[in-house]
Structure formats: C-alpha cells, structure tokens
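Asker: after the sequence you'll find the predicted model.
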Amino acid sequence: MILFKGNIRIKKEHVVNTITLAMVILVLLSGPTVPFLIRGQGYSMYPTITHDSLVVAVPFHILRVFGYEPKDGDIIVFKAPAVPPVWCHRIVGRINGAYVTKGDNNPVPDPFLVEKKDVLAVVPQIFGKPITIPKVGFLVGLLNSNPLITTLFVLGIVVIPYVIQYRHSIESSSKEERDNGKKSIRFVFIVALIIVAFTLSFFTAAVHSGFTHIFYQVDDAEGMLVGNGHPLNFGVVKVNTEATRNVTIRNGGFLPVVAYVTLMKNPYHDVEVCPTRIIILPFSEATIQFRVYGKNVHEMTVLPVAISVTSILLPAEVVFYLLRIHPFIPVIVHSLLSAAIPSITFITINNWRNFSPHFHILIQRSLSSTVNFLFVKKRTGTLKK
C-alpha cells in the first residue's frame, strides 16, 4: 500500500516501521537508568510542568562528562527522602554544596536539601520553558511500573508490523498463490486480532491496576507528611479521628469490568477500603474510598495496596487470590479472555459458512427420519391390520 500526498509516496511498511522504532525508543529513553523522558506528576510545578505530561530531560551523568554543574534556576530530577521517591523541582539556592529546591507552584522551598549524588537528570529549558508533551506522561509511568508490562508492550509493537507485512506480501502475490494462501491469511488475521484485542484490553485495565501505597501516621495532633501531594498520603491523623481519601477508576472499554482492591498488610487494623469489589459499566467510573481511623499513636506507616481491573467472568475468590500474588495476573487473565472472545467468534462464523450446507442436510435428514418413524411406521401398522 502506498499513501499519496502531493508528490510524496509513502509506503505503509515505512510508516509501521517508523512507529515501531519510535515506540521502542520511548521505552528505552524512559528507563530509570537513562532518564531522557520523565513523567510530570502532581501540580507542584504548575504551570511550568503540568500533571501527566512527558518532560524531556538529560541524564546528569552525561552532563557531568562535559563538566556541567546545575545552577540556580535549573529544573532537576532528583531522589527525594519523601513520597514519591523521585521529584522534579527548580533549584532556588545552595547551602554547603547542597541544592535548595522548590516547586514553582509551592509557597515554600522543599524541607530537605538535595545532594549532588542524588541528582538524576536536568531538564533543558528554551526561553525559560521546558520541552513537554501534555497528557502523554501516563504512558511512561505505565511502562516503568512493571517489567512485565514493558516486555509485553515491546513484543506487541515488534510482532504487529511483521504480521501486517506478511499479510501484505500474501495479498500482493499471484492469484494462484492467493488461493493457496487463504488459510494463511485467516491465521494471520486471527493472530493480529488476538494481539490487538489483548493489547487494548491490557492497557485499558493496566492504567488503573498495580501497586500503590497508603502513607499515614497517628499522633496526638494533626499534621502533614513530606510529599503530601500523593493521593493516598493521609499525613498525620489525630488519635480518635478519621480521614478519608477517594480514588476514581474509569472504564474506557466497551465491556463492563470489575475493580478489586485489597490491602496487602494492615498491622494496626486502622485502615479500611470500601468497596473492595465494584462493577464498572462501559464508559463510566467508580470511586473507591480509603479510610484511616487513628486508634493508637504510632510512627509513619506505609501500607501496600493492590488494585486490579478484570473481567466480570472471573470468580471473585480466584481474583482475590491472584491479586495477593500480583495485581497484574488477573489483568493478564482478563486480557486473554478479551482476546479469546472475538477470536472464537470469528472462527465460529468462518467455519459456520463452510459447515452450514452440511448442517442443513443433517437437519433435513433428521426431520425425514422423524417423519418416517412417526407416520410411515404407523401407516404400515394400520395396513397390516
């Protein structure tokens, strides 16, 4: 296939290969060891960096080779002794060789100093503005959230172009070869259908699946914990009071799904999740409420929470069991089911067209045998009398 636009001729294979190469580069450049692309989270740097934007950065160990040192006004990515563990803020000063950082939207500087060894990357600026792409950062966060997701994503974007090119080579062959390759085309189509259905289902569910954490501390007075922008950071909860946070999960697919939530541990028994299982209709959303009730004074606690979005066909007991192993296992099972249903439907319809004439003959013979048994035998018996 060739796309025409003016005097430019672009082959479909080149477009597919370019997209594949771009996706592979995105995976490589967004890795934690080479942070060329990072995800903007929260609103501490708003409006310079918006939430869920993709930010271009340069790893500090590369800049260090050229003798570059971060200075006041630079935006740096660094390890923070807080929640989340990696921050992206602007340098506003230095104290004893350490950097004082501050979010552009925050009223005060960060309550800790950043050592040079904790700097991961520097965000380049053009006329005082970083290079960002809005609303794309969630993809980087998703790819780096689990090695399994990254592996499946890379396999999918590498396999699909070969499937498309193989089908195109069959379609461009001679008539005799096309006739002999019909079964191969059906097979390739089924494989492509499975890959596309699995990928769409997996990424739709994986956006809201995975591990998150609840951060809280119980004391005699209320307060804040460093990194209070985390959605499940309750801060310091006063004894005999409760605090709540809500998490919204949206279903952007065509089929209803079920969201499961479970606490991996709850040593003080003062955290509740309601509901732990909820059905989400297509193109709608549901809210999960997390509640902390301060029973006794204790230090800051981090509780892992597993969230999984799966098919309504899976039994709840099985999902909760798999959820405690890893939240992406139910998602994979859900994606396999989502890929199997359209594939089985296609195979059934395709085979029904070939089986239909034989089925009609079978029905006719069955009806004929029934009529002969009921009427002909009865008539024969009457004549014998």
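Answerer: On my side now, so go ahead.
Asker: from now on I want contacts and neighbour counts done on CA atoms only, so please keep to that.
Answerer: Noted.
Asker: where along the stretch 51-200 of the chain do the strands fall?
Answerer: Under the criterion DSSP state E, counting those that start in this stretch, the stretch 51-200 of the chain contains strands at 54-56, 58-59, 75-79, 86-95, 98-102, 113-114, 119-123, 125-126, 129-130, 132-133.
Asker: now these in CSV, with mean neighbour count?
Answerer: Formatted as CSV, these follow (neighbours: other C-alpha atoms under 10 Å):
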stretch, mean neighbour count
strand 54-56, 23
strand 58-59, 20
strand 75-79, 22
strand 86-95, 19
strand 98-102, 21
strand 113-114, 19
strand 119-123, 23
strand 125-126, 10
strand 129-130, 14
strand 132-133, 18
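Asker: format the ones you listed as a markdown table; extra columns: distance to Ser369.
Answerer: A markdown table is the format used below for the strands of the stretch 51-200 of the chain (distance: least, C-alpha to C-alpha, whole Å):
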| stretch | distance to Ser369 |
| --- | --- |
| strand 54-56 | 71 |
| strand 58-59 | 81 |
| strand 75-79 | 81 |
| strand 86-95 | 77 |
| strand 98-102 | 87 |
| strand 113-114 | 89 |
| strand 119-123 | 81 |
| strand 125-126 | 85 |
| strand 129-130 | 81 |
| strand 132-133 | 72 |
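Asker: out of those strands, which comes closest to His213?
Answerer: Among the strands of the stretch 51-200 of the chain, strand 86-95 comes nearest to His213, with 15.0 Å by C-alpha to C-alpha.
Asker: who touches that closest one?
Answerer: Contact with strand 86-95 is made by 40, 44-45, 71-80, 99-104, 113, as judged by C-alpha atoms under 8 Å, 6 or more residues apart in numbering.
Asker: do that again at 7 Å, thanks
Answerer: Residues outside strand 86-95 that contact it (C-alpha atoms under 7 Å, 6 or more residues apart in numbering): 45, 71-80, 99-103.
Asker: over to stretch 244-252?
Answerer: By C-alpha under 7 Å, 6+ apart, stretch 244-252 touches 204, 208, 232, 280-292.
Asker: the biggest strand by length in the chain pairs with which strands?
Answerer: Longest strand of the chain, by residue count under DSSP state E: strand 298-311. Next to strand 298-311 in the sheet, as set by DSSP bridges, lie strand 210-219 (antiparallel), strand 257-263 (antiparallel).
Asker: pLDDT of that strand, averaged?
Answerer: For strand 298-311, the mean pLDDT works out to 87.
Asker: okay, buried residues for it please.
Answerer: Within strand 298-311, the residues that count as buried by 16 or more other C-alpha atoms under 10 Å are Leu303, Pro304, Val305, Ala306, Ile307, Ser308, Val309, Thr310, Ser311.
Asker: now distance to Pro85 too, for those residues, in JSON lines please.
Answerer: JSON lines is the format used below for the buried residues of strand 298-311 (distance: C-alpha to C-alpha, whole Å):
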{"residue": "Leu303", "distance to Pro85": "15"}
{"residue": "Pro304", "distance to Pro85": "15"}
{"residue": "Val305", "distance to Pro85": "17"}
{"residue": "Ala306", "distance to Pro85": "19"}
{"residue": "Ile307", "distance to Pro85": "21"}
{"residue": "Ser308", "distance to Pro85": "23"}
{"residue": "Val309", "distance to Pro85": "26"}
{"residue": "Thr310", "distance to Pro85": "29"}
{"residue": "Ser311", "distance to Pro85": "33"}
